[in-house]
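S.K.: this is a predicted model, with the sequence first.
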Amino acid sequence: MRIIDHHIAGLANGGAAGGATRTGDVFDPNTGQVQATVRLGTQADLDTAIAAAQKAQPGWAATNPQRRARVMFEFKRLVELHMDELAELLSSEHGKVIADSKGDIQRGLEVIEFCCGIPHVLKGEYTQGAGPGIDVYSMRQPLGIGAGITPFNFPAMIPLWMSGVAIATGNAFILKPSERDPSVPVRLAELFREAGLPEGILQVVHGDKEMVDAILDHPAISAVSFVGSSDIAHYVYKRGVAAGKRVQAMGGAKNHGIVMPDADLDQVVADLSGAAFGSAGERCMALPVVVPVGEKTAIALREKLIPAIAALRVGVSTDKDAHYGPVVNAAHRARIEQWIQTGVDEGAELVVDGRGFALQGHEKGFFIGPSLFDHVTPSMESYKEEIFGPVLQIVRADDFDHAVRLPSEHQYGNGVAIFTRNGHAAREFAARVNVGMVGINVPIPVPVAYHTFGGWKRSAFGDTNQHGMEGVKFWTKVKTVTQRWPDGGVGDGANAFVIPTMG
Ligand code: NAD
């Protein structure tokens, strides 16, 4: 059986520092078979990685930003060269179709492209003559050692959101990827080494709660970036902050798509098919709730959605014609099916039932068909909670105000979209809705890399977003220097006991 090891600088002993024996299964979701085991790390593994990071980081921080950027340029070239191999590896552990895996990698690379401009971004601020003979300047310095803890659903993009910016700004970075699909993060770390990144600057440690806790408690780690489900995000945030770290912790989501009566319904249905069912709904920016405004819109939308859902092709992740592949493991599929049952028990109308789906020749794979619910209401648990599967829920709204209230009052506030031809309604919606990322006729409004990604409410704990300037802010601390170069002599000291002002 293939063993997936840590990527820790100079680690011998088969990839484990402390003689660790615990391992986890990594499945091929297409077949349902275990294809590899991942070493689940210990405190000793983390200590080894920290020691290597401490050795390497000062030299990396002192490397001029242009040279750090060159590593980013070369890394981008190498990832593009290895795109097919990486996408196949990603699909084989996650289950998303190959084209979608390429998108996962590409969105991560866009953050690397942003990082190629790091010399410009780190220039700092300067004021000449802030007072008599006094200049003030500020610089952004790395924190030292940062860590990232990432979810299974974007095993390339999310590790690159964090590691790209953390490294480009001069930190050493320790990544703890999801133990469910850990191979691509390791390959990315290997490609960073090949691109010229010094040993010890990007290391990968595998593990579960034990490793997460070790990271949160380790005094040498200054900042932790987390992406995953909300309860764990909240736990990570509280424990990390209590240990004196800077923490950003992104959580779950339940994104709504508002459909106004004037929307182009054919376009909406095409957009919803991809946004609700693509990647089997395992996206934090999926659109699992659609909110038609007014009865006429609801009836027309439902009529168009049913045949569109029937036309969806579920297949193995290498099937070029498949719209989506299997979900990540059997436990997750069982959880999705349980939520569908809860919806039925709560009185929602199950219009299309995706349960019990088996793909011919792949009966043991973790496949599930698409489901559609109508007449879902805000009091239902299946509406309040994230299902994270190929399940679309219709929640009917009476009017525009009602439609704004639904996502605004939901516990999650990651993304939201409105479909309309009315610029005034769209503008009003974007201004009023209590959600962090808004799409206007854009179903999955994941901001580009030089903007910033982050939700509100229980979708994110901490106050700094991922990537873009917010990422730079998270991974650096500001130092402000006030300087004076007297032209000789010593001042009379008359005001030395009064707080200095520039006036
Ligand atoms: P998860 O919360 O199960 O796991 C995330 C990370 O936490 C993994 O590295 C895992 O090893 C670790 N972990 C698991 N259990 C833990 C515990 N008890 N204590 C400490 N650490 C633990 O999430 P997942 O299932 O891998 O990913 C899906 C979730 O991530 C969904 O809720 C999705 O919405 C969310 N997500 C959010 C964003 C965002 O930016 N808001 C992006 C992608 C995914």
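M.R.: Yep, that arrived. Bear in mind the structure is a predicted one, so any value in this text is a computation, not a measurement. Numbers count the residues shown, from 1 in each chain.
S.K.: Thr342: helix or strand, and which one exactly?
M.R.: helix 330-345 (DSSP states H and E).
S.K.: avg pLDDT for that helix?
M.R.: Mean pLDDT, helix 330-345: 98.
S.K.: so, in contact with the ligand or not, it?
M.R.: No - using Cβ under 6 Å from any ligand atom, helix 330-345 stays clear of the ligand, with a minimum separation of 7.5 Å. To be clear about C-beta, it is placed using only N, CA and C from the backbone, and glycine gets the same treatment.
S.K.: so what are the sheet partners of the helix or strand following that helix and their directions?
M.R.: Per DSSP H and E, the first helix or strand lying C-terminal to helix 330-345 is strand 349-352. Here strand 349-352 has these sheet partners by DSSP bridges: strand 371-374 (antiparallel).
S.K.: how far does the strand it pairs with sit from its chain's centre?
M.R.: Taking Cα atoms, centre = their mean, to the nearest Å, one finds the center of strand 371-374 at 27 Å from the center of the full chain.
S.K.: which residues are in contact with it?
M.R.: Residues from elsewhere that reach strand 371-374 (Cβ atoms under 8 Å, 6 or more residues apart in numbering): 298, 302, 305-306, 309, 340, 343, 348-355, 382, 389-394, 396.
S.K.: quick check: buried residues in stretch 132-139?
M.R.: Val136 (16 or more other Cβ atoms under 10 Å).
S.K.: in PyMOL, how would I select the buried members of the contacts of strand 371-374?
M.R.: Per 16+ other Cβ under 10 Å, the buried members of the contacts of strand 371-374 correspond to this PyMOL selection:
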select buried, resi 298+302+305+309+340+343+348+350+351+352+354+382+389+390+391+392+393+394+396
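S.K.: and for the helix holding Thr342, what are the contacting residues?
M.R.: With Cβ under 8 Å, 6+ apart as the test, helix 330-345 has contacts from 27, 32, 281-282, 326-327, 350, 353-355, 366-368, 371, 373, 376, 380-382, 385, 387-391, 393.
S.K.: how about the helices of the stretch 401-503 of the chain, start to end?
M.R.: Per DSSP state H, counting those that start in this stretch, the stretch 401-503 of the chain carries helices over the ranges 423-432, 468-474.
S.K.: same question for the stretch 51-200 of the chain.
M.R.: Using DSSP H, counting those that start in this stretch, the helices of the stretch 51-200 of the chain run over 65-81, 83-94, 98-116, 118-121, 157-168, 183-194.
S.K.: tell me what the fifth one is packed against?
M.R.: Same thing as helix 157-168. Packed against helix 157-168 by the contact rule (3 or more Cβ pairs under 8 Å, 6 or more residues apart in numbering; DSSP states H and E) you find helix 65-81, helix 98-116, strand 145-149, strand 172-176, helix 183-194, strand 223-227, helix 468-474.
S.K.: want to throw those into JSON lines with distance to His206?
M.R.: Compiled in JSON lines, the helices and strands packed on helix 157-168 are given as follows (distance: least, Cβ to Cβ, whole Å):
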{"stretch": "helix 65-81", "distance to His206": "21"}
{"stretch": "helix 98-116", "distance to His206": "19"}
{"stretch": "strand 145-149", "distance to His206": "11"}
{"stretch": "strand 172-176", "distance to His206": "7"}
{"stretch": "helix 183-194", "distance to His206": "8"}
{"stretch": "strand 223-227", "distance to His206": "16"}
{"stretch": "helix 468-474", "distance to His206": "24"}
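S.K.: related to what we said a few turns ago, most packed of the helices of the stretch 51-200 of the chain?
M.R.: helix 157-168 (a mean of 29; mean count of other Cβ atoms under 10 Å).
S.K.: just the residues contacting that helix, thanks.
M.R.: Residues lying outside helix 157-168 but in contact with it, judged by Cβ under 8 Å, 6+ apart, are 60, 65, 68-69, 71-72, 104-105, 107-109, 111-112, 114-115, 118, 146, 148, 150-151, 173, 175, 177, 185, 188, 192, 197, 201-202, 225, 227, 453, 466-467, 471-472, 474-475.
S.K.: returning to what we had before: may I see the buried residues of the helix holding Thr342?
M.R.: 332-333, 336-337, 339-340, 343.
S.K.: how about the helices and strands packed on helix 157-168, which one is nearest Thr127?
M.R.: Smallest distance to Thr127 across these (Cβ to Cβ): 19.8 Å, for helix 468-474.
S.K.: contacts (any at all) between the ligand and the closest one?
M.R.: No - shown here: helix 468-474 not in contact with the ligand (Cβ under 6 Å from any ligand atom), separated by at least 12.6 Å.
S.K.: check what pLDDT Gly491 gets.
M.R.: At Gly491, the model reports a pLDDT of 61.
S.K.: pick the most buried one from the helices of the stretch 401-503 of the chain.
M.R.: Among those, helix 468-474 has the highest mean neighbour count (mean count of other Cβ under 10 Å), at a mean of 21.
S.K.: that helix packs against which elements?
M.R.: Packing partners of helix 468-474 (3+ Cβ pairs under 8 Å, 6+ apart): helix 157-168.
S.K.: for the helix it packs on, C-alpha coordinates in CSV please.
M.R.: Below are the C-alpha coordinates for helix 157-168, written out as CSV (Å, rounded to 0.1, in the frame of the first residue of the first chain):
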residue,chain,number,x,y,z
MET,A,157,-6.5,26.1,-4.3
ILE,A,158,-6.8,26.6,-0.5
PRO,A,159,-3.3,25.5,0.4
LEU,A,160,-2.0,27.9,-2.2
TRP,A,161,-4.2,30.8,-0.9
MET,A,162,-2.3,30.6,2.3
SER,A,163,1.1,29.3,1.5
GLY,A,164,1.7,31.6,-1.5
VAL,A,165,1.1,34.8,0.5
ALA,A,166,2.8,33.5,3.7
ILE,A,167,5.9,32.5,1.8
ALA,A,168,6.1,35.5,-0.5
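S.K.: flag every residue of the stretch 201-350 of the chain that's near the ligand.
M.R.: 208-209, 212, 227-229, 232, 250-253, 284.
S.K.: tally of neighbours for Asp399?
M.R.: 10 (other Cβ atoms under 10 Å).
S.K.: quick one: it and Val291 touch, right?
M.R.: No - the criterion here is Cβ atoms under 8 Å, and Asp399 misses it with Val291 at 11.1 Å.
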